[in-house]
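Enquirer: structure, please.
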Amino acid sequence: MKMVKQLVTSFIFLFVFFANSGFTQTSNAYTFSVVEGTVVVTPAWCRVNPCVSTVATFTGNFSAQISTAGDHILFPSSNLVTTPDVYFQLPADPNEDSYGTVREIAFTFEGNTIKAKGYVDSRAFDGPLVEYQFVARTTASEVFTARPDYRKCAAPLCGGYFVKLVNKKLTQCADGSLKEECYVASVVYGDGPINGGVISVGNKTPFLLVGAILPKADTTSGVLGVFLAKDAYRSATQNTAVGNFYGVTNNGIMCITTPCFSYNEELLNTDNRITKLSEVNLEMSGASPDNILWAQQLLANGATLYTAGKNQKYQGFAGIGVRLVAQQFYLPVKPTRVEK
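Expert: Residues are numbered from 1 along each chain as shown. I've put the predicted structure just below:
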């Protein structure tokens with residue numbers, strides 16, 4: 001009987017601990033382009049009843065965080081253009097009720113397509129009823145370098161990040177222009193902004209982001225970019241990255257002689273240019289043994305290892321091999337989590 005009481009007490013303690021430990025749903029980040037969308041705005045009151053609604057169509061793009069269970073969605077940023085202009089953007093939390101405003105949304109996400117229907121009702125305080133629905137598709141994620149902006153001027157024009165597509169001379173910025181690198185006001189990774197000053201080694205070495213630049217209109221500063229990161233990686237050393245940027249994976253091939261082409265190497269931001277590698281040399285980067293071991297574990301567990309370097313041929317026991325000599329490589333950073 002005493003043991004039963006102890007088990008019950010332990011169970012209650014664990015339940016209370018987990019219920020109050022601030023667990024949040026895991027989520028995945030996506031960028032979307034609107035295929036078709038409509039919004040209907042109905043004022044709370046007007047001189048002539050019934051009030052006439054304004055119907056508008058909208059296009060543009062937005063970022064979304066969707067829980068792995070597929071039952072909750074957030075919109076960290078959106079850049080929508082409505083015709084006629086009804087000043088509509090997607091609510092950051094489309095299921096949140098606040099200050100008398102009621103928000104609801106229903107959505108499905110299958111394959112690369114999201115379909116949603118929702119409303120924002122603020123008529124309790126003489127605001128409008130906004131009803132919207134849309135179909136949107138995911139946009140492709142690409143790999144960028146990113147470095148913090150330490151210029152001294154008023155945010156959001158300074159203090160963000162400069163991002164650049166790897167293996168490309170030019171990057172398309174939020175305003176549509178092509179530049180060597182683009183300024184973005186913030187990087188959203190997980191539940192909030194990334195802390196680039198922490199993951200940029202010594203505040204000198206750029207880090208890697210996998211994701212997309214989204215335009216976001218600012219009433220005072222024009223169109224500024226916001227980067228939605230699907231993944232983020234810090235550099236393993238303070239070396240300036242030299243050579244091409246690659247993504248390397250273990251293809252599972254095993255041999256009893258050398259060279260053994262056990263790795264697939266993809267030249268990033270290109271059309272599936274794959275090279276078979278027989279060796280990945282990380283020691284020449286000068287990284288610490290711990291960082292090298294971490295990178296090797298990533299490869300062994302099927303993850304992609306992002307590197308910068310060059311390939312070289314060498315004579316193996318049974319033929320000519322190809323090794324990647326990594327001058328720099330990158331290790332994953334945990335996304336920002338906001339406990340609720």
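Enquirer: rest of the way, CA atoms for contacts and neighbours
Expert: Noted.
Enquirer: state which strand of the chain is the longest.
Expert: Counting by DSSP state E, the longest strand found in the chain is strand 27-42.
Enquirer: show me what that strand is packed against.
Expert: Strand 27-42 sits against strand 54-67, strand 129-138, strand 207-218, strand 222-235, with contacts defined as 3 or more CA pairs under 8 Å, 6 or more residues apart in numbering; DSSP states H and E.
Enquirer: same list (those strands) but as CSV, adding mean pLDDT and distance to residue 116.
Expert: As requested, the helices and strands packed on strand 27-42 are exported to CSV (pLDDT from 0 to 100; distance: least, CA to CA, whole Å):
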stretch, mean pLDDT, distance to residue 116
strand 54-67, 89, 12
strand 129-138, 95, 5
strand 207-218, 81, 20
strand 222-235, 85, 20
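Enquirer: count the neighbours of residue 40 for me.
Expert: By the measure other CA atoms under 10 Å, the count of residues near residue 40 is 18.
Enquirer: relative to residue 85, how far out is the residue nearest to it when sequence neighbours are not counted?
Expert: Nearest non-adjacent residue to residue 40, counting by CA to CA, 6 or more residues apart in numbering: residue 55, 4.5 Å away. Using CA to CA, to the nearest Å, residue 55 is found at 10 Å from residue 85.
Enquirer: where along the protein do the helices fall?
Expert: 2-19, 196-199, 289-300 (DSSP state H).
Enquirer: residues contacting residue 314?
Expert: Shown in contact with residue 314 (CA atoms under 8 Å, 6 or more residues apart in numbering): 320-323.
Enquirer: and what of residue 74?
Expert: Neighbouring residues of residue 74 by CA under 8 Å, 6+ apart: 64-66, 92-94.
Enquirer: and which of these is nearest residue 213?
Expert: Proximity of these to residue 213 (CA to CA) peaks at residue 64, which lies at 13.1 Å.
Enquirer: and the closest residue to the closest one other than its chain neighbours, how many neighbours does it have?
Expert: Leaving aside its sequence neighbours, residue 64 sits nearest to residue 75 (CA to CA, 6+ apart; 4.6 Å). Residues near residue 75, counting by other CA under 10 Å, number 19.
Enquirer: how about the contacts made by residue 75?
Expert: Listed by CA under 8 Å, 6+ apart, the contact set of residue 75 reads 62-65, 90-94.
Enquirer: one more: residue 265?
Expert: Counting by CA under 8 Å, 6+ apart, residue 265 touches 246-249, 274-277.
Enquirer: wait, doesn't residue 226 sit right on residue 215?
Expert: Yes: under the criterion of CA atoms under 8 Å, residue 226 makes contact with residue 215 at 6.1 Å.
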